[in-house]
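Novice: Predicted model, plus sequence, below.
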Amino acid sequence: MLVGIPKEIKNHEYRIGMTPAGVRELVAAGHQVLIEHNGGAAIGLTDAMYEAAGASIVDTAQEVFSRAELIVKVKEPQPIECRMLSPGQVLFTYLHLAPDPEQARLLIESQAIAIAYETVTDSHHGLPLLAPMSEVAGRMAIQAGAHCLEKAQGGLGMLLGGVPGVAPAKVVVIGGGVVGTNAARMALGLGADVTILDRSLTRLKELDALYGPALKTLYSTTETLEQEVTAADLVIGAVLIPGAAAPKLVTRAMLGRMKKGAVLVDVAIDQGGCFETSRATTHQQPTYVEEGVIHYCVANMPGGVARTSTFALTNATLPYVLALASKGYRQALQDDVHFRNGLNIHRGQVTHQAVARALGYGYVPAAEVI
Ligand SMILES: NC(=O)C1=CN([C@@H]2O[C@H](COP(=O)(O)OP(=O)(O)OC[C@H]3O[C@@H](n4cnc5c(N)ncnc54)[C@H](O)[C@@H]3O)[C@@H](O)[C@H]2O)C=CC1
Ligand SMILES: CC(=O)C(=O)O
Ligand SMILES: [Mg+2]
């Protein structure tokens, strides 16, 4: 199969859909790969490396989109990319459609087949293609939050870990999944006072077993959220209901009772955000202030550490890309119910229930269309 990998065009997005090592595996399996010129150059993955792995370099995204049967990307297609898709072409990338009706409309109009990394599941209730970027974003959330807490950034002027004789900052993590666990781990490592909230008791038990008494766990209710958020110096938003828009757990009223100069990092912003006052920001202008509280809401946080993220993403996506290329999308999705959960849009029909519900479209089960 002819697989195409365009250069990412979202603001400050330097990841690329596949490393040269991934390309080499595809070529060894008998596939052809087109890479857009300088697609990985910003993170040291040169055209020469891709050519050595067996790819052909083409000058424009237009050429990648017009020739490839399967497009592999990182970020959701921007409008100009959606318009380059053709009927029956397969797109495999992050989509995050629930908060993005415009992208959904363009993908439906394209009549393409859009498979979202973030809704592919696995047999132990995980999201294997979201997980690597959630690991990155969870860890980054603490770096970003610590930076925002500095006085020059408008923050409280607090060091996360404190020093001998001075108390550490209070970090509250909402959602104890992959993002939340990685954030908690980093915050504990820096010596912060960390509390994590989740609605899943099973997950809280696992976290308790993993981190022991250093980590405080709390069952998430409006009451515990209110109590923790209003006392926090740094809050990390890390909840997810797969495919759906994030629930708004921290209201403007709660925000009004927080410390001035406290920091919110809403990692869940790519699903619309879990704070009422969140709106997506970019690496270029990552923060804004509401009610005296600093908001960091970058929707592509892993793009900030694009080299680490690209390697981590290819490690996870490669077996799926190989399956799509070798079997064709129908067979690959028929063979694996978890992979099939990634199908969001098929030739104009919405095939993921949570996405359809969030956007008000009719829903057709993936199994019926493939
Ligand atoms: N901004 C960015 O650049 C990135 C954003 N993300 C996003 O981060 C979010 C979290 O992702 P993961 O950690 O991988 O998901 P996950 O599924 O591993 O964890 C989500 C957790 O939220 C919990 N939860 C659900 N409702 C809750 C509630 N009301 N209160 C407390 N906890 C609740 C669930 O029980 C689960 O443990 C997703 O929206 C994901 O797309 C992930 C990577 C990068
Ligand atoms: C998961 C996601 O949205 C990202 O890596 O940018
Ligand atoms: Mg994102």
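Specialist: Structure received. Numbers count the residues shown, from 1 in each chain. Ligands and ions are numbered 1, 2, ... in the order given.
Novice: State which one residue of the stretch 101-250 of the chain is found closest to ligand 3.
Specialist: M133 (7.3 Å; Cβ to the ion). Every C-beta, even on glycine, is put in place using the N, C-alpha and C of the backbone.
Novice: mind checking the SS state of that residue?
Specialist: For M133, the secondary-structure state derived from DSSP: H, G, I helix; E, B strand; the rest coil is helix.
Novice: Can you name the residues that contact the residue of the chain found nearest ligand 3?
Specialist: Proximity of the chain to ligand 3 (Cβ to the ion) peaks at D270, 3.2 Å away. Contacts for D270 (Cβ atoms under 8 Å, 6 or more residues apart in numbering) come out as Y94, H96, P99, A280, A299, N300.
Novice: you'd agree the third one is up against S278?
Specialist: No: because the distance of 10.4 Å does not satisfy Cβ atoms under 8 Å, P99 is recorded as not touching S278.
Novice: intersection of neighbour lists for the two?
Specialist: Listed as contacting both P99 and S278 by Cβ under 8 Å, 6+ apart are G272.
Novice: Tell me which of these two has more neighbours.
Specialist: S278 (23 against 19; other Cβ atoms under 10 Å).
Novice: Hmm, D266 and the more buried one touching each other?
Specialist: Yes: between S278 and D266 a contact is recorded at 4.4 Å, counting by Cβ under 8 Å.
Novice: tell me, what's touching these two both at once?
Specialist: Shared contacts of S278 and D266, defined by Cβ under 8 Å, 6+ apart, are found at G237, H295, C297.
Novice: Can you tell me which of the residues you listed comes closest to M84?
Specialist: C297 (28.3 Å; Cβ to Cβ).
Novice: Look at the closest one and report its pLDDT.
Specialist: Looking at C297, its pLDDT is 98.
Novice: hang on, it packs against T281?
Specialist: Yes: counting by Cβ under 8 Å, T281 is a contact partner of C297 at 4.7 Å.
Novice: Could you check what's spatially nearest to the residue of the stretch 101-250 of the chain closest to ligand 3, not counting adjacent residues?
Specialist: In space, M133 comes closest to P302 once its chain neighbours are excluded; the distance is 4.6 Å by Cβ to Cβ, 6 or more residues apart in numbering.
Novice: Contacts only, for that neighbour.
Specialist: Residues near P302 by Cβ under 8 Å, 6+ apart: R15, M133, V136, A137, M140, T308, S309, A312, L313.
Novice: any idea how far ligand 1 is from the closest residue to the fifth one other than its chain neighbours?
Specialist: It stands for M140. In this structure, M140 finds its nearest non-sequential neighbour in M301, 5.2 Å apart by Cβ to Cβ, 6+ apart. Using Cβ to the nearest ligand atom, to the nearest Å, M301 is found at 3 Å from ligand 1.
Novice: M301 and A144 touch, don't they?
Specialist: Yes: when contacts are counted by Cβ under 8 Å, M301 is listed as touching A144 (7.4 Å).
Novice: So for those two, which residue has more residues nearby?
Specialist: More neighbours surround M301 than the other of M301 and A144, with 27 against 23 (other Cβ under 10 Å).
Novice: Can you pull the phi/psi pair for that one?
Specialist: Per-residue torsions, M301: phi -50, psi -50 (degrees, to the nearest 10).
Novice: From E118, how far out is it?
Specialist: Using Cβ to Cβ, to the nearest Å, M301 is found at 14 Å from E118.
Novice: Now do the residue of the chain positioned farthest from its centre, the pLDDT please.
Specialist: Residue farthest from the centre of the chain, counting by Cα atoms, centre = their mean, is G165 at 38.4 Å. At G165, the pLDDT value in this model is 98.
Novice: ok, K205 to G176 distance?
Specialist: Distance from K205 to G176, counting by Cβ to Cβ: 10 Å.
Novice: okay, the two: which has more neighbours?
Specialist: G176 (25 against 11).
Novice: Could I get the phi/psi values of that one?
Specialist: Dihedral pair for G176: phi -110, psi 30, per degrees, to the nearest 10.
Novice: My understanding was that it contacts L218; is that so?
Specialist: No: using Cβ under 8 Å, G176 makes no contact with L218, being 9.8 Å away.
Novice: Which pLDDT value goes with the closest residue to R203 other than its chain neighbours?
Specialist: Leaving out its chain neighbours, the residue that sits closest to R203 by Cβ to Cβ, 6+ apart is G176, at 4.9 Å. Here, the pLDDT recorded for G176 equals 98.
Novice: what do you get for the one 4 residues further on?
Specialist: pLDDT, G180: 98.
Novice: so how many other residues sit close to it?
Specialist: Count around G180 with other Cβ under 10 Å applied: 27.
Novice: Identify the residues contacting it.
Specialist: Here G180 is in contact with G138, V173, I174, I196, D198, I236, A238 (criterion: Cβ under 8 Å, 6+ apart).
Novice: I figured the fifth one hits L215, correct?
Specialist: Looking back up the chat, that one is D198. No: counting by Cβ under 8 Å, D198 stays clear of L215, with 11.7 Å between them.
Novice: ok, those two, which is more surrounded?
Specialist: The neighbour comparison of D198 against L215 (other Cβ under 10 Å) goes to D198, with 23 against 20.
Novice: wait, what's in contact with the nearest residue to that one once chain neighbours are set aside?
Specialist: Closest residue to D198 apart from its sequence neighbours, by Cβ to Cβ, 6+ apart: G176 at 3.8 Å. Neighbouring residues of G176 by Cβ under 8 Å, 6+ apart: A184, I196, L197, D198, S200, R203, L204, L207, T217, A238.
Novice: No more questions from me, cheers.
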